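Need the 3D shape of this:
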Amino acid sequence: MTATAATLHVPGPDEWRRWRTIRLRSLEQDPDAFGSTLERELGHTEQDWRSRLEYGCSVIADLDGRDVGLGAGFSDEPGRLMVVAMWTDPAFRGRGVGRAVLEHVVGVAGERNLGAHLWVVEGNSAQHLYESAGFVPDGQREPVREGFPLMMRHLVLSRGL
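The predicted model follows:
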């Protein structure tokens, strides 16, 4: 596939339905890629979704008028921003969508003078994207969810994108 420039959109709280739609699609299509679950997030209220868009940073990637990717970040500890909810619709992978979203979220971290870090499920193809962007494993591993057999690795950004 050839790279196509995605249009990035930073949704505000009033666009919570748009964010919710693509986030739930990500959880439905790739349930093993996230620490959260579709069932859990279906239980979120409108205020929960609005709060997510008010706190931290969120971005939606659009190709040809269709929302095909998303990502977010929030400051989870002093001096750090955790990259979360990274996802690209499988039909649009390999076109630079994930890279564009990651660059946006890491750029926000840089603007806020925060180091970026994330967790990735072992064996997830996104790990290659993260490592090519300068994220490196720091040796931490943990289960994706309690009682779930898959493990995830912790990666920290060792250099700027």
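
any idea how far stretch 23-32 is from the chain center?
When distances are taken as CA atoms, centre = their mean, to the nearest Å, stretch 23-32 is centred 12 Å away from the chain's centroid.

I should have written stretch 48-65 there, sorry.
Distance, centroid of stretch 48-65 to centroid of chain: 10 Å (CA atoms, centre = their mean).

if we look at it, which residues are touching it?
Contacts with stretch 48-65, where a contact means CB atoms under 8 Å, 6 or more residues apart in numbering, come from 4, 6-20, 22, 67-75, 81, 85, 88, 92, 95, 97, 100-101, 104-105, 108. In short, each C-beta sits where N, CA and C put it, glycine included.

Same question for stretch 149-161.
Residues contacting stretch 149-161 (CB under 8 Å, 6+ apart): 32, 35, 102-103, 106-107, 109-110, 115-123, 127, 130-131, 133-144.

Helices of this structure, residue ranges please.
16-29, 38-42, 46-54, 97-111, 126-132 (DSSP state H).

Highest mean neighbour count out of those?
Among the helices of the chain, helix 97-111 has the highest mean neighbour count (mean count of other CB atoms under 10 Å), at a mean of 21.

helices or strands up against it?
Taking 3 or more CB pairs under 8 Å, 6 or more residues apart in numbering; DSSP states H and E as contact, the helices and strands that helix 97-111 lies on are strand 7-9, strand 57-63, strand 66-77, strand 80-88, strand 115-121, helix 126-132.

Next, the buried residues of the third one.
When you say that, I think you mean strand 66-77. For strand 66-77, burial by neighbour count (16 or more other CB atoms under 10 Å) applies to 67-74.

of those, closest to residue 40?
Using CB to CB, residue 72 comes nearest to residue 40 of those, at 15.9 Å.

Now tell me what touches stretch 27-38 from outside.
Against stretch 27-38 from outside (CB under 8 Å, 6+ apart): 24, 26, 41, 85, 87, 89-90, 119, 121, 124, 126, 144-145, 150, 152.

For those, name the two members farthest from one another.
89 and 145 (22.8 Å).

Just want to know which of these two has more residues nearby.
residue 89 (20 against 15; other CB atoms under 10 Å).

Count the residues that sit near the closest residue to residue 136 other than its chain neighbours.
In space, and not counting its chain neighbours, residue 136 is closest to residue 158: 4.8 Å by CB to CB, 6 or more residues apart in numbering. If you count neighbours by other CB under 10 Å, residue 158 ends up with 13.
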